[in-house]
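Colleague: Let me see the structure of the following:
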Amino acid sequence: MTEPLVLLPGMMCDASLFQPQITALSRERAVTVAPITGGERIEEIASGLLDQLPQRFALAGLSMGGIVAMELLRRAPDRITRLCLMDTTPLDEPPKFAAQREPLIVRARAGRLDEALREALPGEVLAPGPRRLEILDLVQEMGLALGPQVFERQSRALQRRRDQQSTLRKCKVPTMVLCGEEDRLTPLKRHSFMAELIPNAELRVIEAAGHLPTLEQPEAVTQALREWLAMPLILN
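Modeller: Numbering: from 1, shown residues only. Next comes the predicted model:
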């Protein structure tokens with residue numbers, strides 16, 4: 001039986017982040033976008049998701065969604081059939097970056113969520129190109145719809161996240177580590193490091209893409225996901 005695919009979006013994003021992939025892949029299998037909006041700790045978000053997700057599933061997460069995906073792998077490795085980590089990091093949050101989130105939280109609370117969103121995801125983290133402004137507008141639209149309380153909860157969860165290097169070293173399922181070549185937020189070097197941590201992981205670099213390759217180069221990402229979903233399952 002073809003296993004269902006669960007997609008986890010990045011911070012202040014919803015299913016629109018994966019719309020091209022949903023449209024293409026849902027013809028072939030059940031595709032679910034699971035929200036990562038409930039909880040002020042990554043562990044709390046993951047625990048809530050495990051109560052709702054299928055018994056076994058393929059899992060792909062982008063940015064904060066990848067961080068939550070690693071926690072799901074840590075908690076329930078037997079439920080995940082394969083893993084795709086996109087534009088993310090296995091490391092905990094350095095104190096410097098945790099502190100930089102505080103003024104953004106203050107702005108969001110003060111009714112200036114639009115400013116906080118623009119500073120949290122500046123345009124430079126996307127590859128240059130004619131669609132950059134369109135994608136940034138979509139990110140702003142998704143974030144404003146989720147609201148300031150979600151912004152604060154997700155910011156707190158990222159500040160408190162654990163290091164997941166040991167989780168990745170124990171990963172036994174087919175894994176793809178995917179990164180936009182021009183991602184300045186979670187750069188390619190970080191993804192090469194992640195791929196080396198995971199036994200037999202494949203590193204896939206998406207050209208002419210930055211931190212949101214699912215929108216910047218949707219066809220290339222969809223093809224990469226198809227190849228990942230076709231990898232032979234590992235029988236334990």
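Colleague: centroid residue for the protein?
Modeller: residue 62 (1.7 Å; Cα atoms, centre = their mean).
Colleague: My guess is it contacts residue 214. True?
Modeller: Yes: between residue 62 and residue 214 there is a contact under Cβ atoms under 8 Å: 6.4 Å. Quick note: C-beta positions are derived from backbone N, CA and C, even for glycine.
Colleague: Which parts of this structure are helices?
Modeller: 19-25, 42-50, 64-75, 95-109, 113-120, 132-146, 148-159, 165-169, 188-197, 213-216, 218-229 (DSSP state H).
Colleague: Now for the residue of the chain most remote from its centre: which residues touch it?
Modeller: Centroid-distance maximum for the chain: residue 110 at 27.4 Å, with Cα atoms, centre = their mean. If you count contacts by Cβ atoms under 8 Å, 6 or more residues apart in numbering, residue 110 has none.
Colleague: Please name the bridge partners of the residue nearest to the centre of the chain.
Modeller: residue 86 (DSSP bridges).
Colleague: List the contacts of it.
Modeller: Contacts of residue 62 by Cβ under 8 Å, 6+ apart are 7, 8, 9, 10, 13, 17, 18, 86, 87, 88, 212, 214.
Colleague: where does this protein dip in pLDDT?
Modeller: Within the chain, the stretches with pLDDT under 70 are 1, 234-236.
Colleague: Could you list the domains of this structure?
Modeller: 5-92+162-229, 95-154 (automatic domain parsing).
Colleague: Between the contacts of residue 62, which sits nearest residue 184?
Modeller: Among these, residue 87 lies closest to residue 184 (Cβ to Cβ), at 10.5 Å.
Colleague: Can you report how many residues lie near that closest one?
Modeller: Using other Cβ atoms under 10 Å, residue 87 has 29 other residues around it.
Colleague: Residue 206 too?
Modeller: 24.
Colleague: and the closest residue to it other than its chain neighbours, what is it in contact with?
Modeller: Closest residue to residue 206 apart from its sequence neighbours, by Cβ to Cβ, 6 or more residues apart in numbering: residue 213 at 4.3 Å. Applying Cβ under 8 Å, 6+ apart to residue 213 gives the contacts 86, 87, 178, 179, 180, 183, 206, 220, 221.
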